[in-house]
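Peer 1: How does the following fold in three dimensions:
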Amino acid sequence: MFTLSQLTLRHLIVAAVVLVAATLAIVSPAALGPSGGVTLAIVLVTLGLWATGLVPGYFASLLFFAGVLIAGLQPAPLVFSGFASAAIWLIISGFVIGAAVNATGLDGRLAGLIAPLLTRSYPRLIGGLMLAAMILGFLMPSSVGRAVVMVPIGMALADRCGFGKGSNGRIGVATILAIGCNMPSFAILPANIPNMVLAGSAETILGIHFTYTDYLLLHYPVLGIVKSAVTVALVLALFPATIGEPLGTTAAAVATGRAGQGKVIGILLLTLAFWMTDSLHGINAAWVGLGAAVLLLSPRVGVVGPPAFRQSVDFGLLLFVAGALALGAVVNASGLGGKLGGFLTSVLPLSPGHDATNFFSLTLLSFVTSMFTTVPSAPAVLTPMAGDLAALTGYGAITVLMTQVVGFSTVLFPYQVGPLVVAMQLSGEKLDHLVKVTVPLALITLVALVPIDFLWWKLTGWL
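Peer 2: Okay, here's the model as predicted:
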């Protein structure tokens, strides 16, 4: 029987969110429109469940789907648009590539090649993996693709260091790779989806074109280098460990399926070549990954059989990610995103000549919006407002647009960014461990790194 003593902070948070949501659904302020209150209520409950992890992520997504459809708030094609997203197919192909790397023992073999460089100490391992993920961010345009390549190698390295499942060392490797394969790439223009949404929206709506070099020089010193160093320090502090004796499964993993390693290496190199040259051929990274998955699953040619395929694909994770993508679409279609942005703009202290206050306010605007709409949808919500925000602050429109990056790259909860969830799933470690890093990292960013970034923008003449 459930008792009051069993209540946790998560239960209390969800209860408070449900209470607020019910109030909104009943009162339904005129400002939100006839169905706005109900939509906002469903969105708040979904976000509360995702953020607290009180129920599995896929269950919260199913509740969201059911609530929106039963209430007739949006048509089914929009609600299920997440399943048609390229991101879902990139995740599926990532699972297949990961299964192939693992089944043939290629992860162990590659880990064996780099182990002498990274396994001399735990700080060297964590720092080295972050550096490798950062470098890969310049070569591969997909966060999921980077995770597919790096996470199996990282887990094999964890085996070599004696880090068993659930140990601090293994969790440290998983979290540094999840973050390293995603967050530094916010500072590299073509390296992830939110950046491209921002660039595409700016060009389509405002006729503004970003250059690769200007974007990199503005964002990478702080959001790429400094923030990555802070992440390494956090992981080392939160999950301390010492290198130990290799696990008994390591040698067997390297030897297993050696005959298929050549095939996997060939397909991976071909896939990487297409990912790295996407600006030349224009093929979406997801379709390149899908082609690799087809080859790896093909009879005779492939190395992933039906049993391995069934074990590798996590349908619950796909539901979770599809729900996150759909939530952003529903928020945009309902007009709630624009209303949220308008409300925040009205309460934030924006005025010409107050550069520091304007910079922090615009960053906060993007940060809060990305929590509500998820990160990929935040640029689509905020970019149409750039002209008005420029008039309020005295900034140029392109400067206003660039502040979005500082805000939406500050991730509080993993649900905001699908690749973080996928990377942790590939590692086999719990998503809760990642929250222990993202929450303090977001707070440190808002308190310390945003002021540093402001000074950098001043120094470089953007403000």
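Peer 1: so which helix or strand takes in Leu344?
Peer 2: helix 336-347 (DSSP states H and E).
Peer 1: how about that helix: buried residues?
Peer 2: Neighbour-count burial for helix 336-347 flags Leu336, Gly337, Lys339, Leu340, Gly341, Leu344, Thr345 (criterion: 16 or more other CB atoms under 10 Å). In short, each C-beta sits where N, CA and C put it, glycine included.
Peer 1: what does stretch 362-380 give?
Peer 2: Applying 16+ other CB under 10 Å to stretch 362-380 flags 362-380 as buried.
Peer 1: what number of residues lie near Gly36?
Peer 2: For Gly36, the count of nearby residues is 19 (other CB atoms under 10 Å).
Peer 1: pretty sure it contacts Gly335?
Peer 2: Yes. With contact defined as CB atoms under 8 Å, Gly36 reaches Gly335; the gap is 7.2 Å.
Peer 1: low-confidence ranges in the chain?
Peer 2: Low-confidence regions of the chain, defined by pLDDT under 70, span residues 1-34, 248-259, 278-279.
Peer 1: Domains in it, by residue range?
Peer 2: 7-55, 84-191+212-316 (automatic domain parsing).
Peer 1: which one of those lies closest to Gly353?
Peer 2: Nearest of the domains of the chain to Gly353, taken as CB to CB: domain 84-191+212-316 at 21.8 Å.
Peer 1: can you count the residues close to the nearest residue in space to Val330 that is not next to it in sequence?
Peer 2: Take Val330 and drop its neighbours on the chain: the residue closest to it by CB to CB, 6 or more residues apart in numbering is Gln74, 5.4 Å away. By other CB under 10 Å, 18 other residues sit near Gln74.
Peer 1: what about Gln74, is that helix, strand or coil?
Peer 2: coil (DSSP: H, G, I helix; E, B strand; the rest coil).
Peer 1: Then Ile208?
Peer 2: coil.
Peer 1: contacting residues around the closest residue to it other than its chain neighbours?
Peer 2: Once flanking residues are discounted, Ile208 sits nearest to Ala202: 4.4 Å by CB to CB, 6+ apart. Ala202 makes contact with Ile208, His209, Phe210, Thr383, Ala386, Ile398, Leu401, according to CB atoms under 8 Å, 6 or more residues apart in numbering.
Peer 1: out of those residues, which are buried?
Peer 2: Ile208, Phe210, Thr383, Ala386, Ile398, Leu401.
Peer 1: what's the fifth one in contact with, if anything?
Peer 2: Applying CB under 8 Å, 6+ apart, we find Ile398 in contact with Ala202, Ile208, Phe210.
Peer 1: what's the answer for the first one, then?
Peer 2: With contact set as CB under 8 Å, 6+ apart, Ile208 has these partners: Ala202, Ala397, Ile398, Leu401.
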